[in-house]
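> Task: produce atomic coordinates for the following.
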Amino acid sequence: MLQRPRRNRKSAVIRDMIQETRLDASNLIFPLFIVDGQNQKTEVKSMPGIYRYSINNLLKEVESCLKLGLRSFDLFPNIEESLKDKYATESYRDGSLYLRAIEAVKKNFPEACVVTDVAMDPYSSDGHDGIVENGEILNDETLEVLGKMALAHAQSGADIIAPSDMMDGRIGYIRQLLDHNGFTNVSLMSYTAKYASAYYGPFRDALGSAPKHGDKKTYQMNPANAKEALIEAQLDAQEGADFLMVKPGLPYLDIVKLLADNFDLPIAVYNVSGEYAMLKAAIQNGWLDERVILETLLSFRRAGATAILSYHSKEVLEKGFI
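The predicted structure is shown next:
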């Protein structure tokens, strides 16, 4: 036999030399949940090892991550029900929990990259990503709310704004609004192909943001569709997106590769709460070795993702997997 592929696997040195896909801390974004109050750190029951933090403890968590080389964080708020309303006004109110959290992280750790979530559902009394009228999610009317939210995030110090709402035209609307107000250097990471998935359950538990009625199928994508992702990506690219994101991750690796093969923009992927919960449950029950975490994250990189939002971000560094 002239060709023996095993020769290139015969030692760790050679295996490392020819490794095609690499993962390091710079590829990772760590989602963090925020609650109001002081000295709060409560575990999300469906996500072992993941917590909701009050701002003072959020700062401690960010500091510990920075020491590991993890520098990018996506913040998500758990908002009290009494503060929610039809138009999500708490999302852009001066002095709100979320804006204070952004400001605190950037003030204390200016070297950190803060990614912020733009969508109405954490603040909406309806639990939807848009304004609800007679059971319909209004698209164009919602853009104004999203714009106010994005502008407030930029004013608070956000580095990257990530609209996750899936309203048509929101990237162009937000980009123009930010530029008009002098925030030309604030990036947009669009949730380009966000599917109407059953993998979001633990996240909604963490935030208390599940829809009060109906579902999100009129704005999030059908899990059966791939070509539709190309349409969404083309629009986002034309409207000024700096990153294109696919969510969820593992069941949609084909979509990650599809976008990576067809667009020159950086591709992000969200390794969502349900994916995290599955692996954690299997590991804790002894059904899988924890090495599956690294294997999972490498699969995103191999498919073409540059940025990976993952609840595993900190632990892969703590355990020396990368």
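
> List the strands paired with whichever helix or strand Phe73 is part of, with their directions.
Using DSSP states H and E, the element containing Phe73 is strand 72-77. Sheet pairing of strand 72-77 (DSSP bridges) gives strand 28-34 (parallel), strand 113-118 (parallel).

> any chance you could map the helices in the stretch 201-322 of the chain?
Ranges of helices in the stretch 201-322 of the chain, per DSSP state H, counting those that start in this stretch, are 201-207, 227-239, 253-262, 273-284, 292-303, 313-318.

> Packing partners of the longest one?
Translated: helix 227-239. Counting contacts by 3 or more CB pairs under 8 Å, 6 or more residues apart in numbering; DSSP states H and E, helix 227-239 packs against helix 170-180, strand 187-194, strand 243-247, helix 253-262. Backbone N, C-alpha and C define where each C-beta goes, glycine included.

> again, only using 6 Å
helix 170-180, strand 187-194 (3 or more CB pairs under 6 Å, 6 or more residues apart in numbering; DSSP states H and E).

> what's the average pLDDT for stretch 52-59?
Mean per-residue pLDDT for stretch 52-59: 98.

> and that stretch, which residues are buried?
52-55, 57-59 (16 or more other CB atoms under 10 Å).

> Over to stretch 105-117?
105-106, 109, 112-117.

> contacts for that stretch?
With CB atoms under 6 Å, 6 or more residues apart in numbering as the test, stretch 105-117 has contacts from 59, 62, 71-74, 76, 102, 153, 157-162, 164.

> Convert it to PDB, retaining C-alpha atoms only.
This file holds the C-alpha atoms of stretch 105-117, laid out as PDB (Å, rounded to 0.1, in the frame of the first residue of the first chain):
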ATOM      1  CA  VAL A 105     -19.100  45.600  32.800                       C
ATOM      2  CA  LYS A 106     -17.600  48.200  30.400                       C
ATOM      3  CA  LYS A 107     -16.600  50.500  33.300                       C
ATOM      4  CA  ASN A 108     -14.900  47.800  35.300                       C
ATOM      5  CA  PHE A 109     -13.500  45.800  32.300                       C
ATOM      6  CA  PRO A 110     -13.100  48.000  29.300                       C
ATOM      7  CA  GLU A 111     -11.100  45.200  27.600                       C
ATOM      8  CA  ALA A 112     -14.200  42.900  27.600                       C
ATOM      9  CA  CYS A 113     -16.300  42.600  24.500                       C
ATOM     10  CA  VAL A 114     -20.000  43.000  25.500                       C
ATOM     11  CA  VAL A 115     -22.600  41.600  23.200                       C
ATOM     12  CA  THR A 116     -26.200  42.700  23.800                       C
ATOM     13  CA  ASP A 117     -29.500  41.100  22.900                       C
END
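
> what about that stretch, distance to the chain center?
Distance, stretch centre to chain centre, for stretch 105-117: 15 Å (CA atoms, centre = their mean, to the nearest Å).

> And stretch 110-129, by the same measure?
Per CA atoms, centre = their mean, the displacement of stretch 110-129 from the mean C-alpha position of its chain is 10 Å.

> Pull up the distance across that stretch, start to finish.
The stretch stretch 110-129 measures 30 Å between its terminal residues, going by CA to CA, to the nearest Å.

> What of stretch 214-231?
26 Å.

> before we move on, what about stretch 275-295?
OK, stretch 275-295 end separation, CA to CA: 13 Å.

> for the chain, what are the low-confidence residue spans?
209-210 (pLDDT under 70).

> count of residues packed around the residue nearest to Tyr87 when sequence neighbours are not counted?
Nearest residue to Tyr87 in three dimensions, chain neighbours excluded: Val145, at 6.0 Å (CB to CB, 6 or more residues apart in numbering). Neighbours of Val145 under the rule other CB atoms under 10 Å: 24.

> now the one 10 residues further on
Counted with other CB under 10 Å, the neighbours of Gln155 add up to 17.

> For it, which residues are in contact?
No contacts exist for Gln155 under CB under 6 Å, 6+ apart.

> could you measure Glu136 against Ala162, distance?
Computed as CB to CB, to the nearest Å, the Glu136 to Ala162 distance reads 25 Å.

> Met17 - how many residues pack around it?
Residues near Met17, counting by other CB under 10 Å: 9.

> same check, this time on the one 4 residues further on
When neighbours are counted by other CB under 10 Å, Thr21 registers 11.

> and the strand holding Phe73 with strand 187-194, angle?
Strand 72-77 and strand 187-194 are oriented at 70 degrees to each other (axes from the mean of the first three to the mean of the last three CA atoms, to 10 degrees).

> how far out from the middle of the chain is strand 72-77?
Using CA atoms, centre = their mean, the offset of strand 72-77 from its chain centre is 8 Å.

> same question, stretch 242-250
Using CA atoms, centre = their mean, the offset of stretch 242-250 from its chain centre is 8 Å.

> Send over that stretch as PDB, restricted to the C-alpha atoms.
Extracted C-alpha coordinates of stretch 242-250, given in PDB (Å, rounded to 0.1, in the frame of the first residue of the first chain):
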ATOM      1  CA  ASP A 242     -21.200  42.500  10.500                       C
ATOM      2  CA  PHE A 243     -21.900  38.800  11.600                       C
ATOM      3  CA  LEU A 244     -24.400  36.300  10.500                       C
ATOM      4  CA  MET A 245     -25.700  33.900  13.200                       C
ATOM      5  CA  VAL A 246     -27.300  30.500  13.000                       C
ATOM      6  CA  LYS A 247     -29.400  29.300  16.000                       C
ATOM      7  CA  PRO A 248     -29.600  26.600  17.200                       C
ATOM      8  CA  GLY A 249     -26.300  25.000  16.500                       C
ATOM      9  CA  LEU A 250     -26.000  21.200  16.500                       C
END
